[in-house]
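K.L.:
Predicted coordinates and the sequence they were generated for:
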Amino acid sequence: MLTVAVLISGAGSNLRALLDAAADDDYPARIVVVGADREADGFAHAEAYGIPTILVPFREFETREEWGEELSAQLRVWQPDLVVLSGLMRLLPPGMVAAWAPRIINTHPAYLPEFPGAHGVRDALAAGAGQTGASVIVVDDGVDSGPILAQERVPVRPDDDAHTLHERIKPVERRLLIDVVRRIATGELDLAAASDSAR
């Protein structure tokens, strides 16, 4: 059984979808802890499922590196096989990435390498793109630049704004995430091999 830690910053809609999937006895992964860099509404999902939570407030540390060291130390207590960034709006410091690589994955609301960064949905609209998408990647030291594990196109409609487009991307993101975690758990997807082939 694959053990998973999930890191969030906000409402945790992807977290909720993963918790719902993991509640099925046939799903080969279990979430063992949920962490956040701030007080997050998504903790309510963890509490509803009886999952422990850890809070490592970014603002209480002088540097990103110190914050990352503390977050990493808190995660090591739970010894997860995989760390999932689920709406964590914070770049992990290189030291933390190195400590967990390639066992950190992230979702992104764009068809990478198109529109990386914090505003992927807005940037797709600003560019006049006819389509965007959702991606699941291995986290590296760059901004949404790691090896792509899964992705799917989502059309941009003429009347879309950032909200309506993002609302259509989110279910695709969730489905891809649930499937990627499942494939990692069953051994169908090898994170080390995916990372090596991307170099």
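P.N.:
Everything's here; your move. Numbering: from 1, shown residues only.

K.L.:
buried stuff in stretch 29-44?
P.N.:
Neighbour counts over stretch 29-44 (16 or more other CB atoms under 10 Å) mark A29, R30, I31, V32, V33, V34, G35, A36, D37, A40, G42, F43 as buried. No exception for glycine: its C-beta is placed from N, CA and C like everyone else's.

K.L.:
Alpha carbons only: can I get that stretch in CSV?
P.N.:
Provided in CSV are the C-alpha atoms of stretch 29-44 (Å, rounded to 0.1, in the frame of the first residue of the first chain):
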residue,chain,number,x,y,z
ALA,A,29,-2.9,4.2,-1.8
ARG,A,30,-3.7,5.7,1.6
ILE,A,31,-3.2,9.3,2.8
VAL,A,32,-1.4,9.3,6.1
VAL,A,33,-1.0,13.1,6.7
VAL,A,34,-2.1,16.4,5.3
GLY,A,35,0.2,19.5,5.7
ALA,A,36,-0.1,23.2,5.0
ASP,A,37,2.0,26.3,4.9
ARG,A,38,-0.9,28.4,6.4
GLU,A,39,-4.2,27.8,8.1
ALA,A,40,-6.1,26.1,5.3
ASP,A,41,-9.8,25.3,4.8
GLY,A,42,-8.8,22.0,3.3
PHE,A,43,-7.8,20.7,6.7
ALA,A,44,-11.6,20.1,7.2
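
K.L.:
Figure out how far it is from the centre of its chain.
P.N.:
12 Å (CA atoms, centre = their mean, to the nearest Å).

K.L.:
next one: stretch 1-19
P.N.:
8 Å.

K.L.:
now do stretch 160-179
P.N.:
The gap between where stretch 160-179 is centred and where its chain is centred comes out at 13 Å by CA atoms, centre = their mean.

K.L.:
cool, and stretch 141-149?
P.N.:
11 Å.

K.L.:
which parts of it are buried?
P.N.:
Quick answer for stretch 141-149 (16+ other CB under 10 Å): D144, G146, P147, I148, L149.

K.L.:
and the second one, what does it touch?
P.N.:
By CB atoms under 8 Å, 6 or more residues apart in numbering, the contact set of G146 is N106, I137, V138, V139, D140, S195, A198.

K.L.:
List only buried entries from those residues.
P.N.:
Counted by 16+ other CB under 10 Å, those give N106, I137, V138, V139, D140, S195 as buried.

K.L.:
Among the residues you listed, which pair sits farthest apart?
P.N.:
Largest separation among those by CB to CB: N106 and S195, giving 13.4 Å.

K.L.:
circling back to that earlier point, could I get the contacts of G146 as JSON lines with secondary structure?
P.N.:
Formatted as JSON lines, the contacts of G146 follow (DSSP: H, G, I helix; E, B strand; the rest coil):
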{"residue": "N106", "secondary structure": "strand"}
{"residue": "I137", "secondary structure": "strand"}
{"residue": "V138", "secondary structure": "strand"}
{"residue": "V139", "secondary structure": "coil"}
{"residue": "D140", "secondary structure": "coil"}
{"residue": "S195", "secondary structure": "helix"}
{"residue": "A198", "secondary structure": "coil"}
